[in-house]
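K.L.:
just to be clear, the model below is a prediction. Sequence and coordinates:
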Amino acid sequence: MDKRYQVFVSSSYEDLREERQEVMHALLELDCIPSGMELFPAADEDQWTLIKKVISECDYYLIISGGRYGSIGPSGLSYTEMEYRHALDIGKPIIGFLHKDPMQLPAGRCEQTEDGKKKLLALRELVQKKMCKFWTTPAELGSVASRSLVRLIKTTPAVGWIRTNQAMDSVAAGEILKLKKTIDDLQTKLQEARLSGPSGSESLSQDEDEFAIHFKFETRDASREEWTWDYEVDLTWNEIFYDLGPVMLNEASDIDVRTALNQTVRERSRKLRGADKNLKGHTALSRTFTVSEHDFQTVKIQLIALGLIAKSQKARSVKDSRTFWALTPYGDQVLTTLRAIRRGPGLEAPGPQEDAAEGE
């Protein structure tokens, strides 16, 4: 029979939202049924009674630990530890996923009190007594969780759930229908999350906010003497992404992105350079435009923070150590909005301005 397994995902919540989303997505790709605190409905039962009931109904139990111990329950333990100990007590198959180096996490995602740090350390030691894996990034966690659960299912088969047309019991059939609706609702939520900016990105510089990009270029004057100039141009983040986005529609290497940014400052600074009296009679050498390393890295980090680009996950040869970048689903949506041609005059994005001649 074609079974689906219900998996309870336990962790602290606010500091591990992105990590939980990656694990939930990995579980859905394995045709599993995720369960966790964000899916609990309003009920007359007290919270801990409901949590124990859900864990008991699940086939497998996963715990994710980062830099926080978690919210404290009535017993003085965090709900995360209470859930883990309950899963141990009732004999659920368990996998633990511990952050490899929680001390490297931002301060806001770590315990601030000595008591909290001690309790977190004790929980990590407890988790390591069972099957345990380590992670450093949300993407790595999703991958590790997927592989680990596949192995656990093979070594420790559980009861699972089956389709209604395979069920012999009408009550079981009704429960499966409810769980299928849960999956559909969760898939919708995941899709919505992937088509919006990351939580907190609204406070970052973006859209029509400007960023000063420093760059160098060379010119040749009328006597064919060559000059080197240090320049800067103010560009909006929409202008930067308008130019760089198409390069990453499939994927682009670091070198490709750098070349595209060099081309952007060259084209976008034409009007500024054309008005500079010091450049009168000079011909810009087009291949010499080079953005500063600091500003190139800042542009990449900002686009990552805004949820527009991410490292490409395509499999490559072990000999290929280059870094490749690709648009996120959200980035693809933003780029389409920026570059799609609209009806009516004056609605296209402004193009680069013409200025003095440029040579090779």
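P.N.:
Perfect, thanks for sending it.

K.L.:
any stretches of the stretch 1-150 of the chain with poor pLDDT?
P.N.:
Scanning the stretch 1-150 of the chain for pLDDT under 70 picks out 1, 38-45.

K.L.:
show me where it has strands.
P.N.:
Using DSSP state E, counting those that start in this stretch, the strands of the stretch 1-150 of the chain run over 3-4, 6-10, 33-35, 60-65, 94-99, 132-135.

K.L.:
quick check: can you name the pairing partners of the last one and their directions?
P.N.:
Put plainly, it is strand 132-135. Using DSSP bridges, the strands paired with strand 132-135 in its sheet are strand 94-99 (parallel).

K.L.:
got the angle for the strand it pairs with vs strand 60-65?
P.N.:
Strand 94-99 and strand 60-65 meet at an angle of 20 degrees, taking axes from the mean of the first three to the mean of the last three C-alpha atoms, to 10 degrees as the criterion.

K.L.:
run the chain-centre distance for strand 94-99.
P.N.:
20 Å (C-alpha atoms, centre = their mean, to the nearest Å).

K.L.:
returning to what we had before: mind putting the strands of the stretch 1-150 of the chain into JSON lines with distance to residue 234 and mean neighbour count?
P.N.:
Where you see a C-beta, it was placed from the backbone N, CA and C, and this is true even at glycine. Converted to JSON lines, the strands of the stretch 1-150 of the chain look like this (distance: least, C-beta to C-beta, whole Å; neighbours: other C-beta atoms under 10 Å):
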{"stretch": "strand 3-4", "distance to residue 234": "54", "mean neighbour count": "17"}
{"stretch": "strand 6-10", "distance to residue 234": "45", "mean neighbour count": "25"}
{"stretch": "strand 33-35", "distance to residue 234": "46", "mean neighbour count": "24"}
{"stretch": "strand 60-65", "distance to residue 234": "42", "mean neighbour count": "24"}
{"stretch": "strand 94-99", "distance to residue 234": "39", "mean neighbour count": "21"}
{"stretch": "strand 132-135", "distance to residue 234": "40", "mean neighbour count": "17"}
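
K.L.:
any chance of those in a markdown table, with distance to residue 74 too?
P.N.:
Listed next are the strands of the stretch 1-150 of the chain as a markdown table, based on distance: least, C-beta to C-beta, whole Å:
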| stretch | distance to residue 74 |
| --- | --- |
| strand 3-4 | 34 |
| strand 6-10 | 17 |
| strand 33-35 | 22 |
| strand 60-65 | 20 |
| strand 94-99 | 23 |
| strand 132-135 | 28 |
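
K.L.:
next up, the contacts around the closest residue to residue 136 other than its chain neighbours.
P.N.:
The shortest distance from residue 136 to any non-neighbouring residue, by C-beta to C-beta, 6 or more residues apart in numbering, is to residue 100 (5.0 Å). Residue 100 makes contact with 134, 135, 136 under the criterion C-beta atoms under 8 Å, 6 or more residues apart in numbering.

K.L.:
tell me how far the closest residue to residue 324 other than its chain neighbours lies from residue 253.
P.N.:
Take residue 324 and drop its neighbours on the chain: the residue closest to it by C-beta to C-beta, 6+ apart is residue 312, 3.9 Å away. Distance, residue 312 to residue 253, using C-beta to C-beta, to the nearest Å: 9 Å.

K.L.:
overlap in contacts, the two.
P.N.:
324, 325.

K.L.:
quick one, phi psi at the residue lying farthest from the centre of the chain?
P.N.:
Distance from the C-alpha centroid of the chain, by C-alpha atoms, centre = their mean, peaks at residue 223 (53.2 Å). Taking degrees, to the nearest 10, you get phi -90, psi 10 for the backbone angles of residue 223.

K.L.:
who's in contact with residue 338?
P.N.:
Residues in contact with residue 338, defined by C-beta under 8 Å, 6+ apart, are 238, 241, 242, 245, 349.

K.L.:
go with 6 Å
P.N.:
Residues near residue 338 by C-beta atoms under 6 Å, 6 or more residues apart in numbering: residue 242.

K.L.:
sorry, back to before: and the strands of the stretch 1-150 of the chain: which comes nearest residue 340?
P.N.:
Closest approach to residue 340 among the strands of the stretch 1-150 of the chain is made by strand 33-35 (35.3 Å; C-beta to C-beta).

K.L.:
parallel or antiparallel, list what pairs with that closest one.
P.N.:
If you go by DSSP bridges, strand 33-35 pairs up with strand 6-10 (parallel).

K.L.:
pull the CA atoms of the partner strand into PDB?
P.N.:
The C-alpha trace of strand 6-10 is given here as PDB (Å, rounded to 0.1, in the frame of the first residue of the first chain):
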ATOM      1  CA  GLN A   6       3.000  11.800   9.800                       C
ATOM      2  CA  VAL A   7       6.000  13.600  11.200                       C
ATOM      3  CA  PHE A   8       6.100  15.900  14.300                       C
ATOM      4  CA  VAL A   9       8.600  18.700  14.000                       C
ATOM      5  CA  SER A  10       9.700  20.200  17.400                       C
END
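
K.L.:
contacts for that strand, please.
P.N.:
Strand 6-10 has contacts (C-beta under 6 Å, 6+ apart) with 23, 27, 32-36, 55, 58-63, 80, 83.
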